[in-house]
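*Asks:* generate coordinates for the sequence data below:
(chains A and B)
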Protein chains: 2
Amino acid sequence: MQTLLSDHGVVLSIVLGAVGLIFALFLIRFVLAADAGDSKMREIALAIQEGASAYLHRQVVAVSLISVVVVVGIWFLRDTPTAVGFVVGSVCSMAAGYIGMIVAVRANVRTAQAASVSSHSALQVAFNGGAVTGLLVVGLGLLSVGTFYLISLKVSGSPKVAIDSLVGLALGSSLISVFARLGGGIYTKAADVGADLVGKMEQNLHEDDPRNPATIADNVGDNVGDCAGMAADVFETYAVSLIGGVLVGFLTAGGYANAMVFPFVICGLSIIGALLGVAFVNFTSLNPTRSLVGGVVVSGLVSAIMLFPATQAMFPTAMEIAGKSVGSTQLYFCILVGIAMTFASVWITNYFTSTAHRPVRRIAKASETGHATNIIAGISTGHHATLAPVLCIVGSIWICYSQADLYGVAVAVVSMLSLSGIIISLDAFGPITDNAGGIAVMSGLDPKVRQITDELDAVGNTMKAVTKGYAIASAGLAAMVLFGSYVYELNAHLGREFAFDLMDPRVMIGLFVGGLLPFSFTAYAMDAVGSAAGAVVNEVRRQIGLHPGILDGTDKPEYKHCVDIVTKAALRQMVLPALLPVIFVVVMAFMGPEALGGVLVGTIVTGLFVGIAMTSSGGAWDNAKKFVEDGNHGGKGSLAHRASVTGDTVGDPYKDTAGPAVNPMIKVVNILAILIIPIIFEAANH
Amino acid sequence: MQTLLSDHGVVLSIVLGAVGLIFALFLIRFVLAADAGDSKMREIALAIQEGASAYLHRQVVAVSLISVVVVVGIWFLRDTPTAVGFVVGSVCSMAAGYIGMIVAVRANVRTAQAASVSSHSALQVAFNGGAVTGLLVVGLGLLSVGTFYLISLKVSGSPKVAIDSLVGLALGSSLISVFARLGGGIYTKAADVGADLVGKMEQNLHEDDPRNPATIADNVGDNVGDCAGMAADVFETYAVSLIGGVLVGFLTAGGYANAMVFPFVICGLSIIGALLGVAFVNFTSLNPTRSLVGGVVVSGLVSAIMLFPATQAMFPTAMEIAGKSVGSTQLYFCILVGIAMTFASVWITNYFTSTAHRPVRRIAKASETGHATNIIAGISTGHHATLAPVLCIVGSIWICYSQADLYGVAVAVVSMLSLSGIIISLDAFGPITDNAGGIAVMSGLDPKVRQITDELDAVGNTMKAVTKGYAIASAGLAAMVLFGSYVYELNAHLGREFAFDLMDPRVMIGLFVGGLLPFSFTAYAMDAVGSAAGAVVNEVRRQIGLHPGILDGTDKPEYKHCVDIVTKAALRQMVLPALLPVIFVVVMAFMGPEALGGVLVGTIVTGLFVGIAMTSSGGAWDNAKKFVEDGNHGGKGSLAHRASVTGDTVGDPYKDTAGPAVNPMIKVVNILAILIIPIIFEAANH
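*Replies:* Next comes the predicted model:
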């Protein structure tokens, strides 16, 4: 085993990545083989598919144009391998989102049909639809990073060049995922908020009422935002963590080849865990929540068990890292910390966003006294929700550092992210059931079907919040790794030791400017949703004004117009905030390496809090509304209900646009800084 | 002049501080000499006075108990001079708030009476009532710090001991002001929100309707929060900046005695500027805004002009600080930066919170589509509002550092804060006119009186926002100074050079934990308002339920009960958040000096953004409501108006409780860290 892992660890992980992809193909066949319902259902599903494809197609075109500029820049200013890496990263990130979404928009109608048979078969179709995305992300991630690493190692013969080009790949995937998260996030929330503002508030229509001209756009949004955007985001997180692990292995323990191979092995073996987790959900018939959580537990346990002998085999003797003696015991301990972080972040997010616990119930109770108290309670919940994850992150850094210096932290991050496969499966399951419910209502299926999809949707809501908490918490842990990579790269390129002392005014200035970025970024992201939603409101009002028959069902609304408007608005509005991190890094780079280092850390420090607070508040508001709708505090139609709808609407851009986009934004800042070192600082040095 | 300033600079500044206090006495006489109106007005004013005194009395008792524990701790663990300093700082901070408030609750009824004569005489009474607080804060600050410094210098014969005991004074004033800001903030907003929730929402009563049992508590709140709490806060900011300047002078340029005297001279001469500014407002008859802004300009100009020859006289030859040659030109430049920062922060806050500009109008427009869009627009405005102040702070740090290293930044901070006298006068003017309006309505004066006080109140709203922006911006600038003091003290005490490198995991852990503090702190502060407001709502409902005659005026509400309830709730709820910074610092100190250093900087980085965002959002929501009430977007009674009231209510704890309390909280963290060095680290070192 030792030879296999040490000499062929990367190849092995590529093979396992391919196995994940094959399994994903198998799941796609399973989903497509399911009954797609009657012609009415197919028609609606087709409209959603077309809208989603049309949007994603245009997003790909728009983002490709921007990427071409970046690639040319990298190619001129750095080198060909890095530029090729950027292209590979961008293409894979887009592909993960694209394919996942194509499957999801086919799984939705089949889930609706399956729900008319039984709750369990609906869960199975929806979950497998989501699992396609989960396996795609990890399989594609491992395959692309591994293959690209091996090829560039072979071609250049230098691990340094191979790793540099991996940084290009990381930047490609991060930049794409900022666009995907923002564009998708703006789309989904503009359509959702716009549809609700006119539909629910002005015309008293229910959610997904086919008379609402924005209802198809709303359903499209679930797919392009929660599905494609999320997939690109987690692909980025996964790839960047893996690359960060390899990079730190090279920089801190370059003398030990296995230090670079180890991250691949962790990710590769965890794919087996993910497959068994998916199998667990398929072959047991517990209630939905238990079934899904069980899948995560199985996946984590399998990974933990398999990684024990693997670690021992790869590190039979201790390495020396930064004066510490680091052996298999230390490294395995760091792996356990990463897996524990996953469970902790799932548990904490669940506590703050599920209807079963105090925070959500407190918001629901506060709704009794009106809109304002609901909002205050929701915001304070978000602020409270930062405590536990940050203490976990801090504790993990402390432990891993003491075990194996920076490399230990990198191993923990890789092991945390190696569970992405199963975690994303849970997340992608949400929008599928959400859509299934929409299709059920629009095609006039038995209300029982909607009831089943609604139950699954409530589970999906919490799972969606959990994934966001997981992604942003991993960003906090990865912070140390990415900043460390920046510093090591800097020292290596400029040939001297840099210090980033807080007493250096340049570092302090960097911290403030970096801290500013998440605030400006989220402000623009929220504005974008507001203005795009305004466009939807105007269009819906226009249609209803022109054809009043829409409301009594004698006239058909033009869904396509709304889809078009949101598509254009989302693409236009995503550009400025997505370019903000790029502008900040490039401008601050001219203040020197110390200031730029401050920017990286400043962005992480405020970004972590802003990200956690926003996604937690949003998730809590959403479920507080659901809790009131379940008949608490007066139930539907009461003042408390109206107040809780306000909270949910405020939470929409919080949890689905601005909040989750902070994670890839932090990464763009960090990776771009690493990439820019030889361009700006070396030039200035000569 | 050179001998006068160099040899007797501190004495001169004490004399000028005394002049400020004498002028304040003169203004008190002016206010008390004004007509206090008819018996009905006096009766209402008396109820407000009694409520305010009762609250403040109990707050003093509660805070004194806590302070005694702290003093004993300091006395045991450090030394007598520091403990005495703590007592002096606490007493002066309380006194500034107490006396200012006593005058304000007498100025309110006289302003109402003066408003029945003319707008200008109302402005004069209200402004002079506020100017008492302004002059008290700077006079008392300069007198206490100067006298205490001279005495401890004389007694100990060592500048080191004298400066150490000044740190005690700084901690005393900071800790008191956290309590005062929180207690007062919780009081005023719990009463305000509680009164509005039942009065406006349930019973359709107007603001200040005497039938609302919580209306007196609401008016008391303006005085204990916006007046006493604010005075303690700015006293703290003023004293800490002055002490920080002296401390940095000693630590970086200890060989030059004038470096320590200079901060006193800046503050002393600026008192003359403040007096002339107050005179300007009294002796010109422009419109209220121009008159007040004119006062600030006069005050700033006078200071800038006087400080030019003073700087030249004190530094005829250059000092050497950290390898830089620092002469009068460099130092005067830093003074100008400080004054420019004041004007910039006034201008920026005004832009984001005045009805005349885009941000507030955008929120008002967003109210048309309902509560949720109003909230989203308000929050995004707060995030946007962080950009300009932070860039100004960063620019100032950059410039001053290049001129005179850390001492340059300290000089800029002192010069910025030296304008406190006139800035607080503007702020304290707000609650007086607010109360005057309340008294006018409750005692049934001519509606024209209310119109005049309303106009002044709108001006007061912006001025209140401006002061908060000024205080938190100064905290950002002071950050560098306080952290620098911590590091120099550490190096001096432990006899070696400490580094706070971002690559050190302890520093990174400290940054995260420090960054957490403002989020947890504001979460608890918001919760406190929510729960105290809930208690008010229940009491008002109880009274109206028991005596329905209250609503038609046949029964008199029991104002005292509401006052009692808010008093108790505010005092109980302020303790936990106020102690949070103390707990964080003490616990993290055990992780060592590096982690604690990270905590200081982390708190400043996120605290600055949270503070600016919250106070700006709150101010903007408030004035967006006023803008709608002026007849825009449908005016009073429209959906937009209801939405804007929601925004205003959310903004209440934002701008008056949680947001402004962040400033003194940051200071407590920093000063406590400085004070704790010899207690924990030296002990650990031996």
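
*Asks:* just list the residues touching the residue of the stretch 451-600 of chain A found nearest chain B, thanks.
*Replies:* Nearest to chain B, among the residues of the stretch 451-600 of chain A, is A:A523, at 3.5 Å (C-beta to the nearest C-beta). C-beta coordinates here come from the backbone N, C-alpha and C atoms, glycine included. By C-beta atoms under 8 Å, 6 or more residues apart in numbering or on different chains, the contact set of A:A523 is B:380-381, B:383-384.

*Asks:* that one: which element?
*Replies:* Per DSSP states H and E: A:A523 is located in helix A:505-546.

*Asks:* next secondary structure element downstream of that helix?
*Replies:* helix A:549-552.

*Asks:* avg pLDDT for that next one?
*Replies:* Mean pLDDT, helix A:549-552: 83.

*Asks:* quick one: contacts for A:I393?
*Replies:* Contacts for A:I393 (C-beta under 8 Å, 6+ apart) come out as A:341, A:473, A:476-477, A:608, B:512.

*Asks:* in which helix or strand does it reside?
*Replies:* With elements taken from DSSP H and E, the one containing A:I393 is helix A:387-417.

*Asks:* show me what secondary structure element comes after that helix.
*Replies:* Under the assignment DSSP H and E, the closest C-terminal helix or strand after helix A:387-417 is helix A:420-442.

*Asks:* now do that following helix: which elements does it pack against?
*Replies:* helix A:39-77, helix A:80-115, helix A:119-156, helix A:215-221, helix A:230-253, helix A:257-283, helix A:288-314, helix A:447-494 (3 or more C-beta pairs under 8 Å, 6 or more residues apart in numbering or on different chains; DSSP states H and E).

*Asks:* buried stuff in the helix holding A:I393?
*Replies:* Residues of helix A:387-417 classed as buried: A:388-390, A:392-394, A:396-401, A:403-417 (neighbour count, 16 or more other C-beta atoms under 10 Å in any protein chain shown).

*Asks:* give me the element the residue nearest to A:M588 when sequence neighbours are not counted is part of.
*Replies:* Distances taken as C-beta to C-beta, 6 or more residues apart in numbering or on different chains put A:V599 closest to A:M588, at 4.8 Å, once the chain neighbours are dropped. When elements are assigned from DSSP H and E, A:V599 belongs to helix A:593-629.

*Asks:* which residue is the nearest non-sequential neighbour of whichever residue of the stretch 201-350 of chain A sits closest to chain B?
*Replies:* Using C-beta to the nearest C-beta, the closest approach of the stretch 201-350 of chain A to chain B is made by A:M201 at 6.1 Å. Residue nearest to A:M201 in three dimensions, not counting chain neighbours: B:G370, with 6.1 Å by C-beta to C-beta, 6+ apart.

*Asks:* wait, that neighbour sits on B:S638?
*Replies:* No: B:G370 is beyond contact range of B:S638, at 11.2 Å (criterion: C-beta atoms under 8 Å).

*Asks:* and the two? Which one has more around it.
*Replies:* Neighbour comparison, B:G370 and B:S638: the larger count goes to B:G370, with 23 against 16 (by other C-beta atoms under 10 Å in any protein chain shown).

*Asks:* so what's that one up against?
*Replies:* B:G370 neighbours (C-beta under 8 Å, 6+ apart): A:197, A:201, A:646, A:649, B:639, B:643.

*Asks:* for A:N212, see how far away it is.
*Replies:* Distance of B:G370 to A:N212, computed by C-beta to C-beta, to the nearest Å: 17 Å.
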